[in-house]
Every structure is written in C-alpha cells, then in structure tokens.
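S.K.: A predicted structure for the sequence below; I have some questions about it.
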Amino acid sequence: MRKLIAISLLLSSGIAMAEGAQSASDAWYERKQLTGNWGGVRDSLEDRGISPFLVYDSIIGANVSGGIEAANDFTGQVYAGIKLDLEKLLGLNRTTFKMSMVNRHGDSVGEFVGGIYDPMTIYGGQTTYLYDLWLETTFGDNWALKLGRISADQDFAVSPLYAYSLSTAINGPIRALLLENAMTSFPYAVWGGRLKYRIAEQHHFQIGAYQIGPNMWNYHDHGVDFSIRGDDGVSILAQYDWTPKVLDRPAHVYVGVINSFYDFNDFDEASTTDYFARFYGHADVEVVDGLKLFGLLTYSDQDEVAKTPFQGSVGAIYKGLIPSREDDRTFFYATYGGLSNDYGRSLGEDVDFEAVYELGHRFQIIPSFFIQPSVQYIQKPGGTGNIDDAIVLGAWIGASF
C-alpha cells in the first residue's frame, strides 16, 4: 500500500521536482516531444518508471478524380496514456503496465471513393474511449507474456514499414485479416493475451488468443464494456519471426496463421461458418543504405467468409533519399486485393480485384513533428468495375507532445 501511495505522490508532485532550467542542448527543434523535458520532470518521472505520452495526428484527404463523387474531408486522433515500469515502481521484475485512451474525430472521403480500403487510415471509431489496459511480464531467459485489453495487431501481422501509408490497404495489420472480422486492430481493444518465446537470437515464436464477436468494433461503449458474451468467439494466432542478415544487411521474415472459432455469416446470408483460417507472410530487407523493400501475402480458401481471399502488397521505403534530409522517408506502396466470388454474388455483381498504389514523402520537420503529402491511385474501387478509378490526394500531419 505504501508503494502505491508513493506512486500517487510522484505523479501529483512531479512538476514540483527538478525545476532547474533545461540544458542549452535541449533546443525546441531537437526535442523528441514538442513540450520538451518539462524542466527535468519528464526525465525524473521516467527514471522512476513513469512514462507519459501524447500524440496527435490528422489527415486531410481529397478525392479529386473518379470514385463515386469528388469530396474532401479531415480526420484526426489523439492517442495519450502512460506506461509504467513496475520493476522500478513495485519491484515486479521485468513487468510493464500500459493504459491509454484514444479520441478520434472528423470524417473520411472513403465513402465517396467506394473502395474496400479507406484512403484515410486514422478514420474509424469517432469518439473517445479506452484502448490499452494490459500487463506484460518477461520471465526465464526467453519468455514474455502479455494479458489484458489489447488488439492483436500490437504483436501479429504487422511491420513498422507499413506505418507510412495513408491507406488502410497497407497501414496497420495485413488488412485482409480484418475484413472478415477475425481480429481487431488499433484502436479497438478486446480481451486477449500473447505468449512469446525467443528460440534463439534471430528466431522468435509467439501465440495469442483474442476475443472476437458482434461487439468487437463497437466504439459507442467508449471501450469500457469488459463483458464476455455467450455468442463471442476467439481467434488464435501463431507467428514465427526470423531476423537474419542478408549480404550483411538486416532483414525480417515472418509467417503466421489465424484460426478463428465463431459463427461467421456466409455471404449468402443463409448459412454460417463456425471456423475460419487464413495464412499470411512478410519479408523485408535493406538493399542499400537507407532503402528497404518488403512484400506480403495472405490467403484463405474460404471464399464464403473471406472478402479478399488473396491479398498481396509490396513496398519501398527510402530513408534519407534527399541530401541533407537524412530523417525523411520517401515511399511507394502497391496492394492487390482479390475479391471473393461469393462476396460478389451477395452484391449481385461480378467482382475481380481492387488495387491501391501510393507515392509519398514524409518531411520530418523536427524529431517531434512531421508533414507527409501523398497521392493514391485506386484501381477498380469495390472490385466491380462500375466505379471509375480514383485519385486521392492527402496530407498527414503528426506531432508528439
């Protein structure tokens, strides 16, 4: 109890600590957070195991050609919370606790494009709600366990190389895994857990189980409905990661499978499927200094449930392409999503594929602030061929406080 009281005192009195002036080297344009070190308070808190964070980002998008109709809009989000090192605070060896909230606001031009991938990736769940509420502990030499309110994409089917895209075709977890409601992604939290084992320095294996069900995308309860209902199901993911060197350059390969146990509605709406499986894989490598290439594939043979039985994506991210701008990223992404014939029949349409191509550049103005324009070309939105190919212009702005 005394330790818990001490934590409260640290949080409430932290601003009164370390009130000395910031060092001359802590210029505003060099800070990792715009608000700086709070006169030394931030470092003091982190030394004690308390790491607060706040990030704001927004996307302005405009469908300027094709799609259903021309439109422009704005969407934004606040992501804020605290991460606690419980070894420092409570003496719990190698244990971390995280709690966070998300506020999303604004709208997307996605409905005016008519595709299956949204061109404004931070759209969805336009309200304020609780997200992270989990505990992770490392034990033995090679094991790590995470439990609580989380989303599967914190650990599975994802790569930091996806994070520069304005389109959900790339950004986040491999999108096909979400379209049949087999898992959630940021910022939709469910009950779940993940166990990771380090086989060797370059080899890791992890397995996780996550709640799915009719309320998995419900943001109207603000993330505080912790119930597990009788009609809920579970998705079990297993993934192997390998981080070798290829010609003495870093690479990353992962392969995985998702197995979902739940009464999925088939596209014919006359029957259900109580089991669903999908395989996925990713590989990336740095081919020259600063340039990384990647590719991903995912496949399911259950066309009666999978909207996109096959998805393939490739990408290139170049850090420091422009001389004197070594922290900028220039990127190109391309995604092909092959649509299910069963899904097409449910629409009364013949469907084929939707493809998204995106080219952009992130200007890292200072470490705590970026501006990122991009252009997307969306081929066959919705996959029917009835909607003209679309061009979407966008700009993403982000800041860490």
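M.R.: Done, it's in.
S.K.: just so I have it, where are all the helices in this structure?
M.R.: With helices called from DSSP state H, the chain shows them at 2-13, 41-47, 86-90, 110-113, 176-179, 341-347.
S.K.: what sits against A238?
M.R.: F205, Q206, I207, G208, G256, V257 (CB atoms under 8 Å, 6 or more residues apart in numbering). To be clear about C-beta, it is placed using only N, CA and C from the backbone, and glycine gets the same treatment.
S.K.: repeat that for 6 Å
M.R.: Going by CB atoms under 6 Å, 6 or more residues apart in numbering, A238 touches I207, V257.
S.K.: bridging residues for it?
M.R.: I207, V257 (DSSP bridges).
S.K.: Could you check how far it is from G213?
M.R.: 21 Å (CB to CB, to the nearest Å).
S.K.: Next: V224.
M.R.: For V224, the distance to G213 - CB to CB - is 16 Å.
S.K.: so F279 sits right up against I258, yeah?
M.R.: No - checked against CB atoms under 6 Å, the pair F279 and I258 is beyond contact range at 8.2 Å.
S.K.: which one of the two has more residues nearby?
M.R.: Using other CB atoms under 10 Å, the more surrounded residue of F279 and I258 is I258, with 26 against 13.
S.K.: Can you tell me the closest non-neighbouring residue to the most centrally placed residue in the chain?
M.R.: With distances taken as CA atoms, centre = their mean, G172 lies nearest the centre of the chain, 3.4 Å away. Leaving aside its chain neighbours, G172 sits nearest to S185 (5.0 Å; criterion: CB to CB, 6 or more residues apart in numbering).
S.K.: And for the one you found, the neighbour number?
M.R.: 22.
S.K.: related to what we said a few turns ago, which of the helices of the chain has the lowest average pLDDT?
M.R.: Mean pLDDT per stretch puts helix 2-13 lowest among the helices of the chain, at a mean of 37.
S.K.: Okay, now stretch 257-275: how far is its last residue from its first?
M.R.: 13 Å (CA to CA, to the nearest Å).
S.K.: who's more crowded, V224 and G213?
M.R.: Shown here are V224 and G213; by other CB under 10 Å, G213 has more neighbours (19 against 9).
S.K.: follow-up on the earlier one: list the contacts of the residue nearest to G172.
M.R.: S151, D153, G172, P173, L178.
S.K.: same check, this time on G81
M.R.: By CB under 6 Å, 6+ apart, the neighbours of G81 are M99, S100, D132.
S.K.: Over to R31?
M.R.: Contacts of R31 (CB under 6 Å, 6+ apart): S368.
S.K.: and what of the one 3 residues further on?
M.R.: Listed by CB under 6 Å, 6+ apart, the contact set of L34 reads S368, A399, F401.
S.K.: Could you do G67 as well?
M.R.: By CB under 6 Å, 6+ apart, the neighbours of G67 are F112, V113, G114, P381, A390.
S.K.: Let me see the ranges of the strands in the stretch 1-150 of the chain.
M.R.: 50-67, 71-85, 95-106, 128-139, 143-150 (DSSP state E, counting those that start in this stretch).
S.K.: Next, format those strands as CSV and append mean pLDDT and distance to T273.
M.R.: What follows is these, written out as CSV (pLDDT from 0 to 100; distance: least, CB to CB, whole Å):
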stretch, mean pLDDT, distance to T273
strand 50-67, 98, 32
strand 71-85, 98, 33
strand 95-106, 97, 31
strand 128-139, 97, 30
strand 143-150, 98, 26
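S.K.: among those strands, which is nearest G315?
M.R.: strand 50-67 (18.7 Å; CB to CB).
S.K.: Only the buried residues of the closest one, if you could.
M.R.: If you call a residue buried by 16 or more other CB atoms under 10 Å, then strand 50-67 has these buried ones: 50, 52, 54-63, 66-67.
S.K.: How far away from the center of its chain is that strand?
M.R.: 13 Å (CA atoms, centre = their mean, to the nearest Å).
S.K.: how big is the angle separating that strand from strand 95-106?
M.R.: If you take axes from the mean of the first three to the mean of the last three CA atoms, to 10 degrees, strand 50-67 sits at 40 degrees to strand 95-106.
S.K.: Tell me which of the strands of the stretch 1-150 of the chain lies nearest to S300.
M.R.: strand 143-150 (23.7 Å).
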